[in-house]
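Chemist: quick one: sequence plus predicted model below, questions after.
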Amino acid sequence: PSFRVLHVEDDAILRKTFELRVLNKLGVPFDVAVNGAEAVRLIIDEKREFALVVMDNQMPALIGTKATRALREGGFRGVIIGMTGDPKGCSERD
């Protein structure tokens, strides 16, 4: 399987910025999910393969920490990098 990234972000501006400034510059193939529930569906239900998941935390439908737990419980063993735009961090990250 090739190296592919799943970028999970609900904010359209942040999503596009990360894609343009990071993923496209690196030439990395990627897919997008707009919330944690969609990420879980793509990886666990649809069996899509990703080497890396870049996960926002504060999203509708399913926050990043809960989505991460669901991915791990569902068997995903790839790298998950959590991100948040909140300078205070997030209480759910523990």
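Modeler: Sure thing, it's come through.

Chemist: scan the chain for its longest helix.
Modeler: Criterion DSSP state H: the longest helix present in the chain is helix 64-73.

Chemist: got the CA coordinates for stretch 55-74 in CSV?
Modeler: This file holds the C-alpha atoms of stretch 55-74, laid out as CSV (Å, rounded to 0.1, in the frame of the first residue of the first chain):
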residue,chain,number,x,y,z
MET,A,55,-7.0,14.8,13.2
ASP,A,56,-8.6,18.1,14.5
ASN,A,57,-10.1,17.7,17.9
GLN,A,58,-13.1,20.1,18.1
MET,A,59,-15.5,18.9,15.4
PRO,A,60,-19.2,18.2,15.1
ALA,A,61,-20.6,14.7,15.0
LEU,A,62,-17.6,13.1,16.7
ILE,A,63,-14.6,14.9,18.3
GLY,A,64,-11.1,13.9,17.5
THR,A,65,-10.3,12.2,20.7
LYS,A,66,-13.4,10.0,20.5
ALA,A,67,-12.7,9.3,16.8
THR,A,68,-9.1,8.3,17.7
ARG,A,69,-10.4,5.9,20.3
ALA,A,70,-12.9,4.4,17.8
LEU,A,71,-10.1,4.0,15.2
ARG,A,72,-7.8,2.2,17.7
GLU,A,73,-10.6,0.0,18.9
GLY,A,74,-11.5,-0.8,15.3
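
Chemist: where do the strands sit along the protein?
Modeler: For the chain, the strands defined by DSSP state E occupy 5-8, 30-33, 52-56, 79-83.

Chemist: I'd like the average pLDDT over the longest helix of the chain.
Modeler: Averaged across helix 64-73, the pLDDT comes to 96.

Chemist: same for it, what does it pack against?
Modeler: Secondary-structure packing of helix 64-73 (3 or more Cβ pairs under 8 Å, 6 or more residues apart in numbering; DSSP states H and E): helix 36-40, strand 52-56, strand 79-83. The way it works is simple: take the backbone N, C-alpha and C, and place the C-beta from them, glycine included.
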